[in-house]
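> Turn this into a structure:
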Amino acid sequence: MVLTVDVGNTRIKASVFEGNTALENFVFEKNELEKKIKKILKKFQNCSDLVVASVGNVEKQSFLAFENQLKVHFLTNEDSYPFINKYATPKTLGIDRMVLAAGATLQFQKQNRLVIDAGTCITYDFIDENDNYLGGAISPGLRLRYEALHNYTAKLPLLTLESPDFYIGNSTKQAIHSGVVNGFVYEIDGFIDEYRANFSNFIIILTGGDAEFLAKRLKNTIFANSNFLLESLNQTFQYKNRQ
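Numbering: from 1, shown residues only. Predicted coordinates:
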């Protein structure tokens with residue numbers, strides 16, 4: 001069994017895999033890390049490997065504390081990946097984006113893939129049908145958009161995610177919800193339309209914390225899987241071990 005851990009900007013997600021099957025998924029705060037992993041390992045005592053991908057600010061020592069129970073692996077840019085990295089600045093490419101690209105390459109072979117990860121930030125990552133990673137885009141996620149409107153204006157309130165009633169907001173609150181949510185959806189659909197106009201044999205994978213909220217609002221056909229990064233972590237680890 002393999003315990004995969006994704007340390008994001010906001011929260012930590014984890015999953016226990018037996019082969020390619022996810023046995024259980026977990027979501028918790030960063031300050032709960034050691035307590036939660038102890039609890040997971042107590043329940044799944046046959047875990048042999050702990051695989052970590054981190055873009056968040058968590059000390060490695062928090063994971064190394066479990067070295068007496070299982071092997072600890074930190075995925076980095078230096079590991080083997082199943083795609084050719086053509087990013088102009090490969091060392092600045094986030095490990096989360098690399099893992100997502102690896103998962104898309106391994107799971108959806110011989111086709112063009114666009115991975116959209118809707119979390120604290122929204123990232124777009126494109127891997128062509130010849131397994132070349134070409135890059136993508138980064139923009140603020142839903143929560144950051146709400147916070148920016150509040151933090152950088154004098155009077156706009158801080159709202160939490162809510163589906164707008166109509167595209168014409170008839171109050172300040174509804175106008176904010178319309179601007180944030182509809183603007184977000186139009187952005188994603190716009191990017192997808194641009195890729196579709198230039199590439200055929202195409203699949204779009206939508207993942208991240210806001211994937212389920214967004215999936216039913218997009219006009220384009222997508223493959224939505226909120227746990228795709230954890231699945232990709234497991235697949236990337238297996239790929240690495242085969243090299």
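> Walk me through the domains of the protein.
Taking automatic domain parsing as the domain assignment, the ranges for the chain are 2-74, 84-234.
> Endpoint to endpoint, the last one covers what distance?
Domain 84-234 has an end-to-end distance of 20 Å (criterion: Cα to Cα, to the nearest Å).
> so how far is it off the chain centroid?
Here domain 84-234 shows a centroid-to-chain-centroid distance of 9 Å under the convention Cα atoms, centre = their mean, to the nearest Å.
> What of the first one?
Domain 2-74 has its average C-alpha position 16 Å from the chain's average C-alpha position, going by Cα atoms, centre = their mean.
> Please verify my assumption that S226 contacts L214.
No - using Cβ atoms under 8 Å, S226 makes no contact with L214, being 10.2 Å away. Glycine gets a C-beta too; all of them are placed from N, C-alpha and C.
> Quick check: buried residues in the helix-or-strand element of the chain with minimal mean pLDDT?
One helix or strand of the chain scores below all others by mean pLDDT, DSSP states H and E: helix 61-64, with a mean of 86. The neighbour-count check on helix 61-64 (16 or more other Cβ atoms under 10 Å) flags F63 as buried.
> ditto for stretch 103-113
Quick answer for stretch 103-113 (16+ other Cβ under 10 Å): G103, A104, T105, L106, Q107, F108, N112, R113.
> distance of the residue in the chain sticking out farthest from the centre from H177?
In the chain, the greatest distance from the average C-alpha position (Cα atoms, centre = their mean) is reached by N170, at 33.8 Å. Computed as Cβ to Cβ, to the nearest Å, the N170 to H177 distance reads 11 Å.
> Name the residues that touch stretch 41-55?
With contact meaning Cβ atoms under 8 Å, 6 or more residues apart in numbering, stretch 41-55 is reached by 1-9, 16, 23-24, 37, 40, 63, 66, 69-75, 94-96, 99, 229, 233-234, 237.
> Using CSV, list the CA coordinates for that stretch.
Listed next in CSV are the C-alpha coordinates belonging to stretch 41-55 (Å, rounded to 0.1, in the frame of the first residue of the first chain):
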residue,chain,number,x,y,z
LEU,A,41,-1.0,4.5,9.3
LYS,A,42,-2.7,3.0,12.4
LYS,A,43,-5.7,2.1,10.2
PHE,A,44,-3.7,1.0,7.2
GLN,A,45,-0.8,-0.8,8.7
ASN,A,46,0.4,-2.4,5.5
CYS,A,47,1.5,1.0,4.0
SER,A,48,5.1,0.6,2.8
ASP,A,49,5.6,4.0,1.1
LEU,A,50,4.7,7.6,1.8
VAL,A,51,4.9,9.7,-1.3
VAL,A,52,4.8,13.5,-0.9
ALA,A,53,4.3,16.3,-3.4
SER,A,54,4.4,19.7,-1.8
VAL,A,55,3.8,23.3,-2.9
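> quick one on the thing from earlier: identify all contacting residues around the helix or strand just after the least confident helix or strand of the chain.
Per DSSP states H and E, helix 61-64 leads on to strand 71-74 as the next helix or strand towards the C-terminus. Contacts to strand 71-74, defined as Cβ under 8 Å, 6+ apart, come from residues S48, D49, L50, V51, V52, A53, S54, K60, F63, L64, F66, F237.
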